[in-house]
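Peer 1: sequence first, then the predicted structure, then my questions.
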Amino acid sequence: MSLLIKNGKVINPATNTEDILDVLLEGEKVVAVAKNIETEAERVIDASDCYVMPGFIDLHVHFRDPGLTYKEDLRTGGMAAVKGGVTTVVAMPNTKPVIDTREKVEAVNARALSESPTKVIQLGAVTKGQEGKELSEIAAMGSAGCFGISEDGKSVMDSGLYKEGMKVAAANDLVVFAHCEDINLVKGGVANADENAKRLGLKGITNSVEDVIVARDIILAGEVKGKLHLCHCSTKDSVRMVKEAKEAGIRVTAEVCPHHFILTTDDIKEDDGNFKMNPPLRTKADVLALREGLKSGVIDAIATDHAPHSEEEKKVGFAKAAFGIVGLETSAALTYTELVLPGVLSIMQMAERMSVTPAKILGLSDRGNIAPGMNGDVVIFDPEKEGVIDKNNFVSKGKNTPFDGRKVKGEVRVTIVDGNVVYERE
Ligand SMILES: NC(=O)N[C@@H](CC(=O)O)C(=O)O
Ligand SMILES: [Zn+2]
Ligand SMILES: [Zn+2]
């Protein structure tokens with residue numbers, strides 16, 4: 001299959017390209033990026049007035065497969081990803097059973113090849129069954145193609161055990177993806193600890209719940225000289241600590257989710273479980289710090305923490321609802337609308353935070369770059385298209401979003417994975 005993308009504005013940070021160019025894909029690869037490519041191709045796409053960017057790489061999703069497929073599965077999660085321009089996802093291991101062995105990693109990766117339209121990188125858990133008692137077979141999972149390990153959904157509270165896990169990860173060149181939450185400080189909290197939570201009669205989650213573990217994890221990563229990636233950062237002090245750690249030469253990277261850089265706790269107007277996620281929506285000061293971090297590069301990546309749940313699990317009121325919201329189908333449009341249009345990020349920086357840097361964090365040298373020899377992972381993004389987010393149009397099984405009804409500008413038009421068109425807007 002050969003595919004020629006004509007007249008799009010190529011945004012490619014790796015080569016510092018921002019120019020109207022044609023892109024030729026052959027088989028799985030990019031073969032040429034140049035002005036006016038005159039060649040016969042099996043398919044030609046006119047990308048005039050659109051951005052042509054390296055496919056997005058989402059470092060944090062929950063596909064719920066195996067075992068929780070009433071929420072999502074590899075096929076529907078993959079469909080949601082490519083609809084959002086995402087050509088590679090990192091899938092968290094808090095499935096049923098938990099992914100904690102070489103066999104389980106291999107099984108998901110093998111099934112994903114035929115079931116998911118996006119490329120899936122399955123992480124393994126730090127401890128067996130995510131029980132926090134005994135390390136899982138980290139080295140074996142590493143040789144099975146795990147790029148990292150994560151206890152996402154919780155933190156390993158036993159710092160001694162965690163440090164041992166970090167050492168094994170470092171020895172096998174695996175990234176530790178950290179969900180930072182000191183469970184002993186949560187005390188039944190469900191929303192940010194502030195006046196709004198009080199008004200709604202909800203127990204609060206303080207910033208320290210996150211900050212204490214961010215500090216611990218940075219210190220331990222420094223000690224074992226391992227690679228640490230902080231998931232879903234939500235507080236201003238997380239940003240400050242990441243900055244300081246980087247300056248000290250510690251190998252730490254960090255992600256922020258769209259809901260955390262757009263919404264604040266004040267957006268929770270009523271008892272609606274679709275505003276409940278972990279970590280919770282924070283204050284204006286935190287949101288500003290996260291945006292500043294994204295702009296300066298202290299925060300490396302935008303990830304969704306796509307966490308689908310069934311309607312039943314979400315409609316039981318804020319206090320009882322499951323933590324988590326979906327994000328794959330709204331992330332690109334929200335980032336463009338809320339960060340690029342107001343000038344917080346340039347379009348180039350959007351491509352960096354959503355593709356180039358995530359590829360670097362994973363050590364994937366074959367993607368995040370539209371250049372000859374690279375994987376044919378491309379997103380064609382239409383910046384002029386205006387729309388309203390409608391959860392009923394989601395292809396994900398999860399409809400749990402706080403952004404339903406929100407106006408956005410910018411939409412994914414075409415997504416290409418390994419040279420194949422896997423999504424095309426109607
Ligand atoms: N973010 C969430 O609120 N929920 C996630 C777990 C997690 O990412 O911590 C989930 O698995 O549902
Ligand atoms: Zn988490
Ligand atoms: Zn998560």
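Peer 2: Thanks, I have the structure now. Ligands and ions are numbered 1, 2, ... in the order given.

Peer 1: would you mind listing what in the stretch 51-200 of the chain touches ligand 3?
Peer 2: Proximity of the stretch 51-200 of the chain to ligand 3 is confined to residue 152 under the rule CB under 5 Å from the ion. Heads up, the C-betas are built off the backbone N, CA and C, glycines and all.

Peer 1: residue of the stretch 51-200 of the chain with the smallest distance to ligand 2?
Peer 2: Sorted by distance to ligand 2 under CB to the ion, the residues of the stretch 51-200 of the chain start with residue 179, at 3.3 Å.

Peer 1: tell me which element residue 216 is part of?
Peer 2: When secondary structure is defined using DSSP states H and E, the element that contains residue 216 is helix 207-224.

Peer 1: next secondary structure element downstream of that helix?
Peer 2: Downstream of helix 207-224, the first helix or strand assigned by DSSP H and E is strand 227-230.

Peer 1: any idea where the helices of the stretch 251-400 of the chain begin and end?
Peer 2: Secondary structure of the stretch 251-400 of the chain (DSSP state H, counting those that start in this stretch): helices at 258-262, 284-296, 311-314, 331-335, 347-351, 357-362.

Peer 1: including mean pLDDT, could those go into TSV?
Peer 2: Supplementary listing: the helices of the stretch 251-400 of the chain in TSV, determined by pLDDT from 0 to 100:
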stretch	mean pLDDT
helix 258-262	99
helix 284-296	98
helix 311-314	98
helix 331-335	99
helix 347-351	98
helix 357-362	98
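
Peer 1: go through those helices and pick out the most buried.
Peer 2: Mean neighbour counts were taken over the helices of the stretch 251-400 of the chain using mean count of other CB atoms under 10 Å, and the top value, a mean of 25, falls to helix 331-335.

Peer 1: so how far is that helix off the chain centroid?
Peer 2: The gap between where helix 331-335 is centred and where its chain is centred comes out at 12 Å by CA atoms, centre = their mean, to the nearest Å.

Peer 1: likewise stretch 199-209?
Peer 2: Its chain's C-alpha centre lies 25 Å from the corresponding centre of stretch 199-209 when counted by CA atoms, centre = their mean.

Peer 1: OK, contacts around residue 147?
Peer 2: Applying CB atoms under 8 Å, 6 or more residues apart in numbering, we find residue 147 in contact with 90, 121, 123, 174, 175, 362, 363.

Peer 1: quick check on the third one: phi, psi?
Peer 2: Listed backbone geometry of residue 123 is phi -90, psi 160, with angles given as degrees, to the nearest 10.

Peer 1: ok, and the closest non-adjacent residue to residue 115?
Peer 2: residue 74 (4.2 Å; CB to CB, 6 or more residues apart in numbering).
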